[in-house]
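**Q** Here is a sequence together with a model predicted from it:
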Amino acid sequence: MPMISNHLPTAELQALDASHHMHPFTCNAELAQKGARVITRAKGVMLTDSDGHEILDAMAGLWCVNIGYGRDEMAEVAARQMRELPYYNTFFQTTHLPAIALAHKIAELAPGALNNVFFAGSGSEANDTNIRMVRHYWAVKGQPSKSILIGRNNGYHGSSVGSGSLGGMAAMHAQGGLPIPDIHHINEPNWWADGGDMSPEEFGLHRAQELEQAILSLGEDRVAAFIAEPVQGAGGVIVAPETYWPEIQRICDTYDILLIADEVICGFGRTGEWFGSQTVGIRPDIMTIAKGLSSGYAPIGGSVVSDEVASVIAKSEFNHGYTYSGHPVAAAVALENLRILEDERIIEHVRDVAAPYLKDKWAALVDHPLVGEAKIVGLMGSIALTPNKATRAVFAADTGTVGYICRERCFANNLVMRHVGDRMIVAPPLVITPEEIDVMIARARTSLDECHAILKERGLI
Ligand code: PXG
């Protein structure tokens, strides 16, 4: 095997990568032709690649590096924990300090009666836990027929068979036999795409009431839970109209349906509160957490469970768990991350400084000829690209063609801004400063201009 190091030329690293590494959510044959961009180091909000480019990471990795890159304290805590106790399980009547302390801390931070944590290695695993836990909860309560979970089209809850089924990504359901039985989906509250002539408020109510219709048609005695992201992330940063969440909460209360808030993206400060549920004003029975829990420095996720649900689950053995549930190194790293978020008042920074500063500049992007709407909550934002703002038209080219062109311009301008279809999205590290926000917006505007010129040149607009 060759010595693989940063000192190899980029083309060689790319060839080695293409020869053995299968990338997730990627057409690997196409990538092999092009070569993956090799990221070698990172600090704060900036990535460095193998050619020495400095790239502003407006996606915080995959929406996870909340405290920013390159924090030495995190490395030190990981090394210390590896020396002291690199691994032990929590299955057979044992526990360890990092798991005890982290569960305690999460219970302190989580709202209401969400005082119990079941650890997993990722958001997908945690949502798989949730499927089994809510079904088991109703079974223990003598209502085993309550086994259906309702999710939303275009929602994202992970990529395993269970969590991918909860999600409503058509492209994922098309591969590998998803969804599993007893998962149902309702439509998402995406006013820009689907609102037609309704006002956003009318539309929000209308889409929330789809949950009530689904419960009534499936049968109240068949539905276990509803799962949704407080702000839909991977679906394109879709912010529900204000009427939506109060109605969802009412419906869950009325029909005794558990509410699962998937906080994998929204949790740990992204929306300007500790949890997105606080921002949108809901009282979930379970929250899914991952990503920002450790700021991506170690893989860890979990389900934060209400006292009521946990007390029912506690009555008998729940035959479920992962080798790495509560992994001591990951838990210690997560605890240090929470300490940094708290001590450095990073959530206050989002709420009082970064989000208000970005909000105006983000909203101003609608002045650009390609931008139809600009939505933002805390530090997660999206813009809808359109050939005609007034009619909220879509491009004649296949969905995502224009978004991809724009994303490629961003990349060329040293900005990581993603596209979901023809929406462009950002979710930078929470520590981003106003000066860095200026750089982000300037690069985004340049990229939008270049994209606009390309669309004209190719007759796509
Ligand atoms: N829930 C939500 C809301 C997520 O965003 C998961 C669960 C699954 O977490 P894990 O740790 O199993 O990946 C996610 C993950 C994208 C993208 O392209 C988003 C995610 C993952 C990969 C890609 O935006 N979100």
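**A** On my side now, so go ahead.
**Q** and the nearest residue to V333 once chain neighbours are set aside, what does it touch?
**A** Leaving aside its chain neighbours, V333 sits nearest to A298 (4.1 Å; criterion: CB to CB, 6 or more residues apart in numbering). Every residue, glycine included, has its C-beta placed from N, CA and C. Contact partners of A298, counting by CB atoms under 8 Å, 6 or more residues apart in numbering, are A78, H327, V329, A330, V333, A334.
**Q** Let me know the closest of the residues you listed to the ligand.
**A** The nearest member of the contacts of A298 to the ligand, counting by CB to the nearest ligand atom, is A330 at 12.0 Å.
**Q** Can you tell me the SS state at V65?
**A** Here V65 is recorded as coil under DSSP: H, G, I helix; E, B strand; the rest coil.
**Q** what do you get for V117?
**A** The three-state label given to V117 by three-state DSSP is strand.
**Q** one step back: distance of the residue nearest to V333 relative to G233?
**A** Distance check for A298 against G233: by CB to CB, to the nearest Å, it reads 21 Å.
**Q** Any residue of the host helix or strand of Y404 touching the ligand?
**A** Assessed by DSSP states H and E, Y404 sits inside helix 401-412. No - with CB under 6 Å from any ligand atom as the criterion, the ligand is not reached by helix 401-412; the gap is at least 11.7 Å.
**Q** Could you give the separation of that helix from the chain centroid?
**A** 21 Å (CA atoms, centre = their mean, to the nearest Å).
**Q** residues making contact with the very next helix or strand once past that helix?
**A** Proceeding N to C from helix 401-412, the next assigned helix or strand is strand 415-416, under DSSP H and E. With CB under 8 Å, 6+ apart as the test, strand 415-416 has contacts from L47, I55, L56, D57, A58, M59, C410, M440, R443, A444, S447.
**Q** Can you list the strands that strand 415-416 pairs with?
**A** Its sheet considered, strand 415-416 pairs with strand 54-57 (parallel) by DSSP bridges.
**Q** Quick one: residues in contact with the partner strand.
**A** 42, 45-49, 65, 69, 411, 414-416, 428-429, 436, 439-440, 443.
**Q** got the buried residues for that strand?
**A** Neighbour-count burial for strand 54-57 flags I55, L56, D57 (criterion: 16 or more other CB atoms under 10 Å).
**Q** Roughly how far does the first one sit from I282?
**A** Meaning I55. Taking CB to CB, one finds I55 at 36 Å from I282.
**Q** and the stretch 101-250 of the chain, which residues reach the ligand?
**A** So far as CB under 6 Å from any ligand atom goes, the stretch 101-250 of the chain lies against the ligand at S122, G123, S124, N127, Y156, H157, G158, E229, G233, A234.
**Q** And those, which is closest to the ligand?
**A** Using CB to the nearest ligand atom, these come closest to the ligand at G123, 2.3 Å.
**Q** correct me, but that closest one touches S163?
**A** Yes - between G123 and S163 a contact is recorded at 7.3 Å, counting by CB atoms under 8 Å.
**Q** any residues in contact with both of these two?
**A** H157.
**Q** Could you find the closest non-adjacent residue to the residue in the stretch 251-400 of the chain positioned nearest to the ligand?
**A** Across the stretch 251-400 of the chain, the shortest distance to the ligand (CB to the nearest ligand atom) belongs to V264, at 3.4 Å. Excluding the flanking residues, the one nearest V264 by CB to CB, 6+ apart is G123, at 3.9 Å.
**Q** so what's the one you found up against?
**A** H157, G158, S163, D262, V264, T288, I289, A290, K291, G301 are the contacts of G123 under CB under 8 Å, 6+ apart.
**Q** go on, A15?
**A** G35.
**Q** Repeat that for A427.
**A** A58, M59, A60, W63, G233, V237, I265, R270, L379, M380, G381.
**Q** In helices, which of the residues you listed fall?
**A** When the contacts of A427 are checked against helices (DSSP state H), the matches are A60, W63.
**Q** Same list (the contacts of A427) but as CSV, adding pLDDT and distance to P24.
**A** Output for the contacts of A427, formatted as CSV (pLDDT from 0 to 100; distance: CB to CB, whole Å):
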residue, pLDDT, distance to P24
A58, 98, 20
M59, 98, 15
A60, 98, 18
W63, 98, 15
G233, 98, 16
V237, 98, 21
I265, 98, 17
R270, 98, 22
L379, 98, 24
M380, 98, 21
G381, 98, 24
